[in-house]
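> sequence and predicted structure below; questions after.
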Amino acid sequence: MAENKILKLHDNIQFIYELALARLELQSLNVDFEITNNLREFKLNFVDKIDLLKKSLAYFKSINGEFTDYHFIQQHNQTSSVNQYLTHWFYPYKGKFHPQMIRALINIIGVNPGETILDPFIGSGTTALECQLLGINCVGIDISPLCALISRVKTESLGALPEIEEAKDNFLMSVRPENGNLFQQGSLFSEKKSGDIKNKKVSNFFKLGEMIAHSDESRRGRDFQTSFISNINKMLASLRDYKEVKSRLGLELGEVDIRQGDARNLSVINNKVHGIITSPPYSIALNYVANDAHALTALGHNLDKIKEEFIGVRGAGFNKFELYNQDMDKAYRQMYSILEKGRYCVIVIGNVTFQSQEIDTTAKVVEQCESAGFALVKKIEKIIFGLYNIMQKEYILIFKKP
Ligand SMILES: C[S@@+](CC[C@H](N)C(=O)[O-])C[C@H]1O[C@@H](n2cnc3c(N)ncnc32)[C@H](O)[C@@H]1O
């Protein structure tokens with residue numbers, strides 16, 4: 001007789017969409033289960049694949065008392081926010097994905113280790129890091145040079161940990177009050193300092209530390225140099241966490257390829273991909289250029305010039321919507337052609353309000369993706385409560401390339 005195994009959900013699971021994704025994770029792994037104990041536990045009716053479940057599941061804390069890998073990973077966190085474990089917290093990027101949801105979606109669309117997932121709007125690199133942890137390769141594209149930097153540093157720095165440790169003292173020693181304000185002398189402090197450092201991963205790491213300090217200063221009024229020092233130390237602690245997680249769980253990390261590029265032209269990717277998980281700009285809801293102006297300027301970019309390439313930012317008034325729709329139409333067609341047949345494309349999107357009118361972005365995405373050739377297979381409503389308990393509604397749309 002088969003022994004029953006009990007799968008327990010993580011304690012912080014509270015939304016219906018999370019339960020829906022937890023069920024889909026098991027269904028896509030062909031697991032026979034029943035939901036018990038007031039929706040908190042799942043009883044496995046047939047016991048096999050336990051190792052696979054333990055290694056990959058996102059929404060479960062334990063299987064018959066044994067912790068899942070994800071539970072162990074989540075414990076390695078230098079911040080007070082449960083989902084900012086390992087390097088996820090590097091740079092406070094607005095509108096990031098919830099990493100646990102991405103891990104679940106990777107399982108749901110059935111991409112295997114060694115295969116490749118594309119995120120053509122990679123933002124702060126959430127998809128890339130979650131793929132890396134599961135041994136899945138990831139190509140991440142973003143028009144923003146800041147996003148390319150953030151996503152690279154989150155996923156490449158572990159490979160240069162000894163060199164970063166070695167360079168650290170040299171960097172931090174020079175950041176002393178008696179040396180004046182090193183960060184306002186027209187060029188990047190970290191760039192000057194790392195001029196003789198050949199390893200790009202090392203210089204990228206310190207450059208991102210400087211960008212986080214820019215953000216701390218402009219958004220939170222913190223002292224730049226103090227913030228730089230404390231961020232570098234905290235970032236290093238996160239890399240040591242990552243090293244420990246990799247070795248304790250015996251992880252084979254996926255390869256990550258981050259490019260600064262345009263989602264409207266994906267012909268730069270040589271091979272077809274085995275899945276797409278992404279969240280494009282929610283229409284014109286957020287101005288990604290203005291939002292990170294401090295860091296983009298520090299990186300030496302002319303905001304007026306680069307803004308022309310950002311979807312949802314170019315144009316003015318109602319013309320912005322027109323341009324947004326044209327741009328996204330191109331992007332969806334590109335995504336369709338780069339995906340292997342029979343595979344899935346997941347798009348996370350929310351509606352937006354413009355001049356007190358709600359714009360149904362989601363219906364437009366479905367229309368555009370269907371016209372590109374995709375078939376909608378699942379639409380999951382994602383209701384979350386944001387700051388001040390304000391309800392935010394987003395949708396997870398799963399399309400298939402027939
Ligand atoms: C909703 S955010 C993605 C956030 C991401 N999921 C994360 O976890 O951080 C959308 C991203 O689209 C990027 N973007 C805007 N126009 C683009 C374009 N033409 N090509 C590629 N990326 C673009 C923005 O820079 C922004 O990072």
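Sure, I can see it. These numbers were taken from a predicted model, which means no experiment stands behind them.

> what is the burial count for the residue in the stretch 101-250 of the chain positioned nearest to the ligand?
Nearest to the ligand in the stretch 101-250 of the chain, going by C-beta to the nearest ligand atom, is Gly123, at a distance of 2.5 Å. Bear in mind the C-beta positions are built from the backbone N, C-alpha and C, glycine included. By the criterion of other C-beta atoms under 10 Å, Gly123 has 25 neighbours.

> that one against Pro281, yeah?
No - the pair Gly123 / Pro281 is not scored as a contact, 9.5 Å apart, by C-beta atoms under 8 Å.

> what strand or helix carries the closest residue to the residue of the stretch 101-250 of the chain closest to the ligand other than its chain neighbours?
Nearest in space to Gly123, with sequence neighbours left out and distances taken as C-beta to C-beta, 6 or more residues apart in numbering, is Cys147 at 5.4 Å. Assigning secondary structure by DSSP states H and E places Cys147 in helix 145-156.

> packing partners for the helix or strand following that helix?
Next in sequence after helix 145-156, counting helices and strands by DSSP H and E, comes helix 161-174. The contact analysis (3 or more C-beta pairs under 8 Å, 6 or more residues apart in numbering; DSSP states H and E) places helix 161-174 against helix 189-193, helix 200-220, helix 224-249.

> quick one: distance of helix 161-174 to the chain centre.
On the basis of C-alpha atoms, centre = their mean, to the nearest Å, helix 161-174 sits 27 Å off its chain's mean C-alpha point.

> residues of that helix that come out buried?
Judged by neighbour count using 16 or more other C-beta atoms under 10 Å, the buried positions of helix 161-174 are Leu161, Glu163, Ile164, Ala167, Lys168, Phe171, Leu172.

> spell out the secondary structure type for Lys54.
The three-state assignment at Lys54 reads helix, by DSSP: H, G, I helix; E, B strand; the rest coil.

> still on that earlier bit, possible to save the helices and strands packed on helix 161-174 as a markdown table with mean neighbour count and mean pLDDT?
Output for these, formatted as a markdown table (neighbours: other C-beta atoms under 10 Å; pLDDT from 0 to 100):
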| stretch | mean neighbour count | mean pLDDT |
| --- | --- | --- |
| helix 189-193 | 19 | 64 |
| helix 200-220 | 21 | 90 |
| helix 224-249 | 18 | 95 |
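
> make JSON lines from the ones you listed and add distance to Ala285 to it.
Output for those, formatted as JSON lines (distance: least, C-beta to C-beta, whole Å):
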{"stretch": "helix 189-193", "distance to Ala285": "32"}
{"stretch": "helix 200-220", "distance to Ala285": "19"}
{"stretch": "helix 224-249", "distance to Ala285": "28"}
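
> let's see the pLDDT reported for Phe321.
Note for Phe321: predicted pLDDT of 88.

> OK, contacts around it?
Neighbouring residues of Phe321 by C-beta atoms under 8 Å, 6 or more residues apart in numbering: Ser283, Ile284, Phe354, Ile359.

> go on, Arg259?
Val139, Gly140, Ile141, Ala148, Val268.

> could you rerun that using 6 Å?
Going by C-beta atoms under 6 Å, 6 or more residues apart in numbering, Arg259 touches Ile141.

> wait, is it part of a strand?
Yes - the assignment for Arg259 by three-state DSSP puts it in a strand.

> how close does it sit to the ligand?
Noted for Arg259: a distance of 10 Å to the ligand, by C-beta to the nearest ligand atom, to the nearest Å.

> please name the bridge partners of that residue.
With DSSP bridges as the criterion, Arg259 is bridged to Ile141.

> not counting sequence-adjacent ones, nearest residue to Gln100?
With C-beta to C-beta, 6+ apart, the residue lying closest to Gln100 is Ala58, at 5.1 Å.

> oops, could you answer that again for Ala285 instead?
Nearest residue to Ala285, sequence neighbours excluded (C-beta to C-beta, 6+ apart): Val352, at 4.2 Å.

> burial of that neighbour, as a residue count?
By other C-beta under 10 Å, neighbour count at Val352 equals 18.

> wait, isn't it in contact with Ser283?
Yes - judged on C-beta atoms under 6 Å, Val352 makes contact with Ser283 at a distance of 4.8 Å.

> shared neighbours of those two, anything?
Ile359, Thr361.

> on that earlier part again, which elements pack onto the helix holding Cys147?
Packed against helix 145-156 by the contact rule (3 or more C-beta pairs under 6 Å, 6 or more residues apart in numbering; DSSP states H and E) you find helix 126-133, helix 200-220, strand 256-260.

> make JSON lines from the ones you listed and add distance to Gly300 to it.
Output for the helices and strands packed on helix 145-156, formatted as JSON lines (distance: least, C-beta to C-beta, whole Å):
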{"stretch": "helix 126-133", "distance to Gly300": "24"}
{"stretch": "helix 200-220", "distance to Gly300": "11"}
{"stretch": "strand 256-260", "distance to Gly300": "14"}
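
> residue closest to the middle of this structure?
Thr126 (1.4 Å; C-alpha atoms, centre = their mean).

> check what pLDDT it gets.
For Thr126, the model assigns a pLDDT of 98.

> hmm, Pro99 and it touching each other?
Yes - contact criterion C-beta under 6 Å: Thr126 and Pro99 qualify, at 5.4 Å.

> skipping adjacent residues, who's closest to Ile212 in space?
Closest residue in space to Ile212, ignoring its immediate chain neighbours: Asn231 at 4.7 Å, by C-beta to C-beta, 6+ apart.

> no no, Phe42
Distances taken as C-beta to C-beta, 6+ apart put Leu7 closest to Phe42, at 4.3 Å, once the chain neighbours are dropped.

> now Thr353, what's its secondary structure?
Using three-state DSSP, the structure places Thr353 in strand.

> and for it, the neighbour number?
The tally of other residues near Thr353 (other C-beta under 10 Å) stands at 9.

> and Asn271, by the same measure?
For Asn271, the neighbour count with other C-beta under 10 Å is 9.

> make sure it is indeed in a helix.
No - assessed with three-state DSSP, Asn271 is coil; it does not lie in a helix.
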